[in-house]
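Undergrad: Structure for this input, please:
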Amino acid sequence: MGTVTLTNNETNEKFDFNLIDCTRGPKAVDFSKLFETAGIFSYDPGYGSTAGCESTISYIDGKKGELLYKGHRVEDLVAKYKFTDVCKLLINQELPKDEKESKEFDLELRHRSFLHEGLMNLFSAFPDGAHPMATLSSGVSVLSTLYFDHKDMEDEDDYQTMARRIIAKIPTMVAFCYRNSVGAPFIYPDIERSYVENFLYMLRAYPHGKLKQTIKGVEEITPLEIEALDKIFTLHADHGQNASTTTVRNVASTGVHPYAAISAGISALWGPAHGGANEKVLKQLNEIGDVKNVDKFIAKAKDKNDPFRLMGFGHRVYKNYDPRARVLKNFKDDLDKKGIRMDAHLSEIAQKVEEVALHDEYFIERNLYPNVDFYSGIILTALKIPTQLFTPIFVIGRMPGWCAQLLEHIKNPHARITRPRQVYLGK
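TA: Numbering: from 1, shown residues only. Okay, here's the model as predicted:
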């Protein structure tokens with residue numbers, strides 16, 4: 001095992017720390033005994049150079065623009081598997097062996113998708129127009145009171161029940177949160193519809209299971225729409241130790257109910273610097289308003305004295321093209337050809353913004369490439385998804401990742417309560 005020597009130049013003391021070999025990516029220095037050994041601690045705002053856990057769930061190579069779930073390239077998973085298959089991979093360590101196993105897992109989620117009727121009182125307590133993310137975070141917290149036995153899980157069956165239950169119920173909760181915010185009646189799940197189709201059905205249907213009637217007939221949910229949303233869910237399923245995932249792990253470290261930890265993750269995801277970014281991208285495209293204004297807004301983004309920030313470009317981790325953005329860009333173009341029409345006006349502005357930014361030295365030097373948020377909002381708009389649902393849809397996609405991360409933490413016998421140090425500068 002390699003070591004790193006730390007020298008305190010004030011005292012000339014030297015301290016050796018072990019290096020940890022990672023299966024992918026750079027080595028890590030084991031500083032867990034830094035304070036105990038050297039009487040000092042590290043300062044790393046934002047934890048950009050600090051590993052807070054060991055994990056086998058997802059891996060990001062920012063320089064290569066690579067994202068893996070359990071060793072599988074995200075591009076391959078999106079091309080070959082459904083979102084529910086990826087859910088099984090993340091929480092159960094393996095993909096379905098065949099179509100039968102895939103269908104059985106999807107069917108289990110469908111039958112678990114109904115909500116406890118006691119939750120209906122929660123929805124009615126929120127005012128009209130309440131943002132679905134606020135209602136959703138509260139609703140998931142309430143689940144901890146309805147399924148309190150998950151507080152003390154003992155075996156794999158308990159772990160799987162906890163994870164599958166919330167993965168199954170979260171689309172129903174998102175649909176109910178939205179419909180409650182606009183005063184529309186709730187539509188219960190239809191177990192004859194697949195996981196992703198069911199979500200679109202609960203958003204769009206009228207009472208008694210009827211979809212919109214037009215002069216041309218019923219506006220059915222198309223396979224292409226299901227495929228598009230399925231891919232968006234898959235691309236958001238996990239993403240290393242991001243802010244909301246770290247929140248889930250940190251809160252779980254106190255021994256709290258798993259659903260309370262996930263509720264905290266939902267709150268963390270809501271911020272515009274994190275899961276709310278795709279909503280901000282769409283608003284910004286509307287703010288730009290016309291392709292002839294793109295150059296002006298690009299100039300504002302480059303002006304260090306201007307507070308304007310170009311949303312949807314750059315990433316804390318990726319120093320190359322976000323692989324999720326590449327998938328969505330290609331799929332967006334494909335959807336347009338196959339009949340799901342993008343908003344032509346927004347697409348034109350987005351294309352111009354990308355074209356200018358990718359050829360501008362300012363963006364090139366800073367590795368500011370389009371990220372997943374830049375395209376997901378445009379596709380969701382084409383699927384007739386309301387803007388205020390963009391971040392809750394992120395929650396649906398991220399739920400299997402949060403469950404996997406939470407279970408990984410709970411099962412780790414060496415896990416400790418999170419307790420960072422501080423650099424104290426007060427009196």
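Undergrad: for the protein, longest helix please?
TA: Identified as the longest helix of the chain according to DSSP state H is helix 156-181.
Undergrad: Skipping its backbone neighbours, what lies nearest Thr3 in space?
TA: Asp16 (4.7 Å; C-beta to C-beta, 6 or more residues apart in numbering). Placement of C-beta: from N, CA and C, glycine included.
Undergrad: quick one: pLDDT of the residue nearest to Phe35 when sequence neighbours are not counted?
TA: Leaving aside its chain neighbours, Phe35 sits nearest to Phe41 (4.8 Å; criterion: C-beta to C-beta, 6+ apart). Phe41 carries a pLDDT value of 89.
Undergrad: What is the burial count for the residue nearest to His315 when sequence neighbours are not counted?
TA: Closest residue to His315 apart from its sequence neighbours, by C-beta to C-beta, 6+ apart: Asn371 at 4.8 Å. By the criterion of other C-beta atoms under 10 Å, Asn371 has 24 neighbours.
Undergrad: which ones are touching Asn371?
TA: Ala277, Gly312, Phe313, Gly314, His315, Tyr318, Asp322, Arg324, Ala325 (C-beta atoms under 8 Å, 6 or more residues apart in numbering).
Undergrad: which ones among those are found in helices?
TA: Counting by DSSP H, the contacts of Asn371 place Ala277, Arg324, Ala325 in helices.
Undergrad: Just give the number of residues close to the residue nearest to Thr3.
TA: Neighbour count of Asp16, defined by other C-beta under 10 Å: 9.
Undergrad: Same check on Lys151?
TA: Lys151: 14 neighbours (other C-beta under 10 Å).
Undergrad: right, and it touches His257 too?
TA: Yes. Counting by C-beta atoms under 8 Å, Lys151 touches His257, with 4.8 Å between them.
Undergrad: circling back to that earlier point, distance of the residue nearest to Phe35 relative to Asn92?
TA: To Asn92, Phe41 is 38 Å away according to C-beta to C-beta, to the nearest Å.
Undergrad: Relative to Glu154, how far out is Trp402?
TA: For Trp402 relative to Glu154 (C-beta to C-beta), the value is 21 Å.
Undergrad: These two: who's more crowded?
TA: Comparing Trp402 with Glu154 by other C-beta under 10 Å, the one with more neighbours is Trp402, at 30 against 7.
Undergrad: Give the helix, strand or coil label for Met399.
TA: helix (DSSP: H, G, I helix; E, B strand; the rest coil).
Undergrad: count of residues packed around it?
TA: With other C-beta under 10 Å as criterion, Met399 counts 28.
Undergrad: Which strand or helix spans Thr7?
TA: strand 3-8 (DSSP states H and E).
Undergrad: hey, where'd the strands end up in this protein?
TA: Here the chain has its strands, by DSSP state E, at 3-8, 13-20, 28-29, 58-61, 66-69, 72-73, 213-214, 217-218.
Undergrad: and the fifth one, what does it pack onto?
TA: In this case it means strand 66-69. For strand 66-69, the packing partners by 3 or more C-beta pairs under 8 Å, 6 or more residues apart in numbering; DSSP states H and E come out as strand 58-61, helix 74-80, helix 83-92, helix 323-338.
Undergrad: Point out the most buried one among those.
TA: helix 83-92 (a mean of 24; mean count of other C-beta atoms under 10 Å).
Undergrad: the inter-axis angle of that one versus helix 156-181?
TA: 140 degrees (axes from the mean of the first three to the mean of the last three C-alpha atoms, to 10 degrees).
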